[in-house]
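Model the structure of this input:
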Amino acid sequence: MMRFTATLKMNYEFARVYHKGKYAANRYVVVHYLKKKTPGNRLGVSCSRKVKGSVRRNRRKRLLRESYRLLEPGLEQGYDIVLIARDWREDPGCAAVADDIARTMRRIGLMKDRTPRARDDGEGNRDGKQNPAGDNPVL
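As a prediction, the model looks like this:
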């Protein structure tokens with residue numbers, strides 16, 4: 001059960017997010033989002049009929065819902081969000097789908113955590129500082 005999010009249920013709510021909002025896509029999901037005036041998020045989950053079989057469609061929707069629930073505490077508030085499952089051949093786990101949604105949410109600015117990650121500079125030193133002992137330290 002989601003703690004901070006209500007659900008989008010009516011067709012006109014989905015249509016408003018599709019037509020007036022913005023979107024971003026990734027491997028497993030398309031995220032449509034629209035800023036709203038009231039606090040709290042509302043979530044809608046959908047899956048295209050191109051995904052054959054109701055069992056496959058419902059499993060994708062369950063994966064999206066659970067992945068969103070895991071990410072929910074780290075999301076900005078005040079948005080209507082629609083997650084649309086794309087058709088994928090392999091059967092990814094919840095962690096892979098959650099990672100994909102998190103990457104997409106971070107890219108569009110809906111994640112609260114915006115701290116940059118340390119990048120590897122190729123020298124084995126992850127913090128970007130030079131080795132004070134020179135290139136070839138003697139131990």
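
can we go C-alpha only for contacts and neighbour counts from here?
OK.

need the next SSE after the helix with the most length in the chain, C-terminal direction.
Ranked by number of residues, the top helix in the chain under DSSP state H is helix 54-71. Next along the chain after helix 54-71, taking DSSP states H and E as the criterion, comes strand 79-85.

Let's verify Arg16: helix, strand, or coil?
helix (DSSP: H, G, I helix; E, B strand; the rest coil).

gap between it and Val45?
14 Å (C-alpha to C-alpha, to the nearest Å).

So which of those two has more stuff around it?
Taking neighbours as other C-alpha atoms under 10 Å, Arg16 and Val45 compare with Val45 leading, 20 against 13.

before we move on, which element is that one in?
If you go by DSSP H and E, Val45 is part of strand 41-47.

circling back: for the longest helix of the chain, list every residue counted as buried.
With burial defined by 16 or more other C-alpha atoms under 10 Å, the residues of helix 54-71 counted as buried are 57, 60-61, 63-69.

so can I have TSV of those showing pLDDT and distance to Arg27?
Output for the buried residues of helix 54-71, formatted as TSV (pLDDT from 0 to 100; distance: C-alpha to C-alpha, whole Å):
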residue	pLDDT	distance to Arg27
Arg57	91	16
Arg60	91	13
Lys61	93	15
Leu63	92	14
Leu64	93	13
Arg65	93	16
Glu66	93	17
Ser67	92	14
Tyr68	93	16
Arg69	92	19
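
Let me know the closest of the residues you listed to Lys36.
Tyr68 (18.8 Å; C-alpha to C-alpha).
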